[in-house]
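just coords:
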């Protein structure tokens, strides 16, 4: 259809129907004999369209522009057959319904919920494949449903609401009560997230706890702002979890747990496979009780803010069971840190470690290297008092065949004294390497890209700036064109090197005032 003709208005009106009235697939045509507009759509879309003023506008446009039919090409069955005989490439007769359902599913896995909604209307075969709940993972409540009670209710009157997999109870422009939650109870949710942005004062804790308990993944954050409401909710939730739960992964952030009896926490958490406790107020006895009955294969990750007075001795008692540890705030005293390192040296469960502003001057270089190289993901900002010898031992450990480290992030350190060849070999053995405000030499950068151009295990490389919550991802990265000394790398070597990476970010001055360091030839 030529948008320069008066047919262009059809596209505008049809788009309004699709976007504002949630009619995923529409087909309009004008019957030449009756001069009436015909509509092909599912029953739900038909009802919405006929109630809309756009329906009349479209009909008027089609009738008014019928005299422009010479600008359009019409096909009937005979014409299609002739076209296929003359030029089979033009209109191939392909029936995608004949593809095996396994292939269709593999293709559909690349599509998001918006596209899947359209596939449901294509054919019975496609609908049967697209109906698979696994394809709808992450499908959440449309944004507009958060702004209006009417749109919220309208969405739940349609069949598409049954596809919801993810529910975020965050910011809504209207207040919830038990009536709204009864709609949620009819869903087969897999993931739920509750934040302080939502007013749940009129919602029964029993109903809310039941909804949460029926999900596989749950995240709750109250930022210590409404401890009364969330404290009551958690008590009911943990009580229900003790009687049986579908929850496998639980994340609690900035919540108060000290009022929950240790034995209740122990029973509630015992069947979980993943626990994340970020800046949670919890006692040593509660932690020990949780770990006592916890599955041996469960992942346990905690974030600690030492400024909040967290019991660091508690960490020592559970350190050998953790799979992830993030430590913020006031530095540990040397004796405590040495005990932590000794435990981590003997334990092999920790997979991710994040430590900020930690003094390591008294930690033996080989001990520090062994600990770092036993962990898959390490992020360290400002190793206070770190010596060149300690850094060299860490990079030597990376080069060794038994090193487990895959992702390394360093910030605010002087790396210049590390041998360029050792530095380059270690970086190219990692999966990802980020160095923030670290000092590196020209020789290190040149050697790093030279080895990278010959072949590398490295998938991502960069620097970063600013602060961003660390959740199995790096901090906000700057483009590779901002790297110090990158302008000195030979263009051909640089080109070969970056083409060996899986992903590359070039900022070119888009996100910061700092201009690109790359030369025109590069």
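Yep, it's here. Because the structure is a prediction, the values reported are computed rather than measured.

show me the biggest helix of this structure in terms of residues.
Longest helix of the chain, by residue count under DSSP state H: helix 227-242.

just how off-centre is that helix within its chain?
Helix 227-242 has its C-alpha centroid displaced from the chain centroid by 27 Å (C-alpha atoms, centre = their mean, to the nearest Å).

Go through that helix and flag the buried ones.
227, 229-231, 233-242 (16 or more other C-beta atoms under 10 Å). Glycine gets a C-beta too; all of them are placed from N, C-alpha and C.

what does stretch 515-522 give?
So, applying 16+ other C-beta under 10 Å, buried residues of stretch 515-522: 516-518, 522.

Need the per-residue pLDDT for residue 151.
Looking at residue 151, its pLDDT stands at 86.

Residue 182 too?
Here, the pLDDT recorded for residue 182 equals 81.

Name the nearest residue to residue 456, ignoring sequence neighbours.
Distances taken as C-beta to C-beta, 6 or more residues apart in numbering place residue 428 nearest to residue 456, at 4.3 Å, with adjacent residues excluded.

correct me, but that neighbour touches residue 452?
Yes: under the criterion of C-beta atoms under 8 Å, residue 428 makes contact with residue 452 at 5.6 Å.

where do the contact lists of the two overlap?
Shared contacts of residue 428 and residue 452, defined by C-beta atoms under 8 Å, 6 or more residues apart in numbering, are found at residue 458.

Run through who's touching stretch 341-355.
299, 301, 303, 316, 319-327, 363, 367-368, 370-372, 374-381, 470, 472.

Now that stretch: average pLDDT?
Taken as a whole, stretch 341-355 has an average pLDDT of 86.

Please state the offset of that stretch from the chain centre?
The answer for stretch 341-355 is 25 Å, by C-alpha atoms, centre = their mean.

What residues sit buried inside it?
341, 343-344, 349-355.

Narrow those to those in helices?
341, 343-344.

Out of those residues, the closest to residue 460 would be?
The shortest approach to residue 460 among these belongs to residue 344, at 25.5 Å (C-beta to C-beta).

Now do the helices in the stretch 401-522 of the chain.
For the stretch 401-522 of the chain, the helices defined by DSSP state H, counting those that start in this stretch occupy 420-429, 442-454, 491-498.

What angle do helix 491-498 and the second one make with each other?
This means helix 442-454. Angle, helix 442-454 to helix 491-498, by axes from the mean of the first three to the mean of the last three C-alpha atoms, to 10 degrees: 60 degrees.

circling back to that earlier point, return the member of the ones in helices among the buried residues of stretch 341-355 nearest to residue 285.
For these, the nearest to residue 285 is residue 343 (19.5 Å; C-beta to C-beta).

can you tell me how far that closest one sits from residue 100?
52 Å (C-beta to C-beta, to the nearest Å).

The helix or strand following the longest helix of the chain - contacts with which helices or strands?
Where DSSP states H and E defines the elements, the next helix or strand beyond helix 227-242 is strand 249-253. Applying 3 or more C-beta pairs under 8 Å, 6 or more residues apart in numbering; DSSP states H and E, one finds that strand 249-253 makes contact with strand 217-221, strand 274-278.

check contacts around residue 178.
Contacts for residue 178 were tallied using C-beta under 8 Å, 6+ apart; they are 202-204, 207.

how near is it to residue 158?
Residue 178 is 22 Å from residue 158, by C-beta to C-beta.

before we move on, back to that, let me know the closest of the buried residues of stretch 515-522 to residue 496.
residue 522 (12.1 Å).

Quick check: the gap between the nearest residue to the closest one once chain neighbours are set aside and residue 518.
Leaving aside its chain neighbours, residue 522 sits nearest to residue 491 (4.7 Å; criterion: C-beta to C-beta, 6+ apart). When distance is defined by C-beta to C-beta, residue 491 is 9 Å away from residue 518.

One more: residue 209?
With distances taken as C-beta to C-beta, residue 209 is found 55 Å from residue 518.

I'd like the helices and strands packed on strand 249-253 laid out as JSON lines, including mean pLDDT and mean neighbour count.
Listed next are those as JSON lines, based on pLDDT from 0 to 100; neighbours: other C-beta atoms under 10 Å:
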{"stretch": "strand 217-221", "mean pLDDT": "90", "mean neighbour count": "21"}
{"stretch": "strand 274-278", "mean pLDDT": "90", "mean neighbour count": "19"}
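
okay if I get these as a markdown table plus distance to residue 246?
As requested, the helices and strands packed on strand 249-253 are exported to a markdown table (distance: least, C-beta to C-beta, whole Å):
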| stretch | distance to residue 246 |
| --- | --- |
| strand 217-221 | 10 |
| strand 274-278 | 14 |
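
picking up where we left off before, and the residue nearest to residue 522, how many residues sit next to it?
A count of neighbours around residue 491, defined by other C-beta atoms under 10 Å, yields 12.

In contact with it, which residues are there?
By C-beta under 8 Å, 6+ apart, the residues touching residue 491 are 519, 521-522.

same question, residue 116
108, 130, 135-136, 139, 163.

From these, which land in strands?
Applying DSSP state E to those, no entry is found in strands.

out of the residues you listed, who has the most neighbours?
residue 130 (23 neighbours).

mind showing which ranges of the stretch 151-300 of the chain have poor pLDDT?
Along the stretch 151-300 of the chain, segments meeting pLDDT under 70 span 223-229.

50 instead, please
Applying pLDDT under 50 to the stretch 151-300 of the chain flags residues 224.

Same check on the stretch 401-522 of the chain?
465-476.

what are the ranges of the strands in it?
407-411, 432-435, 460-464, 477-478 (DSSP state E, counting those that start in this stretch).

nearest to residue 247, of those?
Once those are compared by C-beta to C-beta, strand 407-411 is nearest, at 28.3 Å.

List the neighbouring strands of that closest one plus their orientation.
For strand 407-411, sheet partners with direction are given as strand 377-384 (parallel), strand 432-435 (parallel), following DSSP bridges.

which residues are in contact with stretch 144-163?
22, 44, 113, 116-117, 133, 136, 139, 141-142, 170-174, 180, 183, 186-188.

Put together JSON lines for the buried residues of helix 227-242, with distance to residue 213 on each row.
Below are the buried residues of helix 227-242 laid out as JSON lines (distance: C-beta to C-beta, whole Å):
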{"residue": "227", "distance to residue 213": "21"}
{"residue": "229", "distance to residue 213": "18"}
{"residue": "230", "distance to residue 213": "16"}
{"residue": "231", "distance to residue 213": "17"}
{"residue": "233", "distance to residue 213": "11"}
{"residue": "234", "distance to residue 213": "12"}
{"residue": "235", "distance to residue 213": "13"}
{"residue": "236", "distance to residue 213": "9"}
{"residue": "237", "distance to residue 213": "7"}
{"residue": "238", "distance to residue 213": "10"}
{"residue": "239", "distance to residue 213": "10"}
{"residue": "240", "distance to residue 213": "5"}
{"residue": "241", "distance to residue 213": "6"}
{"residue": "242", "distance to residue 213": "10"}
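
Identify the residue spatially nearest to residue 138, adjacent ones excluded.
residue 166 (5.3 Å).
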